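*Asks:* Mind looking at a prediction? Sequence and model below.
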Amino acid sequence: MNKKTVYIDMDGVIVNFQTGIDRLSAEVRAQFPNDKNIDEAEGIFGLMDPFEGAVEAVKKLAASEKLDVFILSTAPWRNPSAWSDKIDWVHKHFGIEEDSPLYKRVILSHRKDLNKGEFLIDDRKKSGAADFDGLHIHFGDVSEEEGRDGSYPNWYSVIDYFEEQGLLD
């Protein structure tokens with residue numbers, strides 16, 4: 001049986017970016033007035049919490065014999081710590097050993113459209129997400145700015161979709 005490939009973005013999908021911002025010191029926050037380019041703050045990606053139900057949902061998707069699951073995330077070009085912080089975050093929440101559902105399944109790219117697969121779960125259309133050849137499951141609440149209709153506001157709705165498609169065991 002051919003598995004269907006599922007790519008999952010991190011920031012704003014699995015990871016609650018705001019929790020990292022909230023944990024930055026006042027001194028660091030002052031370097032980024034109005035939070036402009038705050039994703040360039042060293043270490044910010046290691047400070048973030050997962051969204052409610054995210055870790056469990058990703059594990060459920062990865063456990064399916066019908067799906068091949070990968071993280072597909074973008075890291076800020078001017079923040080080298082983001083690249084390692086994202087891997088460390090996955091290790092912390094999913095494990096580092098070979099039995100981890102995301103063992104060696106993390107892709108960092110500024111061109112998500114270059115990856116081939118059936119599904120991309122992402123909260124934005126940037127970094128090639130809008131041009132992804134498969135189905136873009138546009139995660140998050142309604143947002144005119146991001147062009148989201150709110151069909152997949154949380155992980156419960158995403159899991160419901162995959163269950164309805166008969167893709168979960």
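*Replies:* Yep, that arrived.
*Asks:* outside of the top strand by length along the chain, which residues touch it?
*Replies:* What stands out as the longest strand in the chain, according to DSSP state E, is strand 67-73. The contact list for strand 67-73 (Cβ atoms under 8 Å, 6 or more residues apart in numbering) reads 3-11, 14, 58, 61-62, 86, 90, 101-102, 105-109, 112, 115, 117, 120, 122, 162, 167-168. From N, CA and C alone the C-beta is placed, and that goes for glycine too.
*Asks:* Report the buried residues of it.
*Replies:* 67-73 (16 or more other Cβ atoms under 10 Å).
*Asks:* Go through those residues and say which is closest to residue 145.
*Replies:* residue 73 (20.3 Å; Cβ to Cβ).
*Asks:* who does the closest one bridge with?
*Replies:* Counting by DSSP bridges, residue 73 is bridged to residue 108.
*Asks:* quick one: it and residue 32, what's the gap?
*Replies:* Separation of residue 73 from residue 32 (Cβ to Cβ, to the nearest Å): 21 Å.
*Asks:* which residues of the protein score low on pLDDT?
*Replies:* 1 (pLDDT under 70).
*Asks:* quick one: the strands in it?
*Replies:* Under DSSP E, the chain gives strands at 4-8, 15-16, 49-50, 67-73, 106-108, 119-122, 135-138.
*Asks:* Let me know which of these is tucked in deepest.
*Replies:* Ranked by mean neighbour count, the strands of the chain are led by strand 119-122 with a mean of 26 (mean count of other Cβ atoms under 10 Å).
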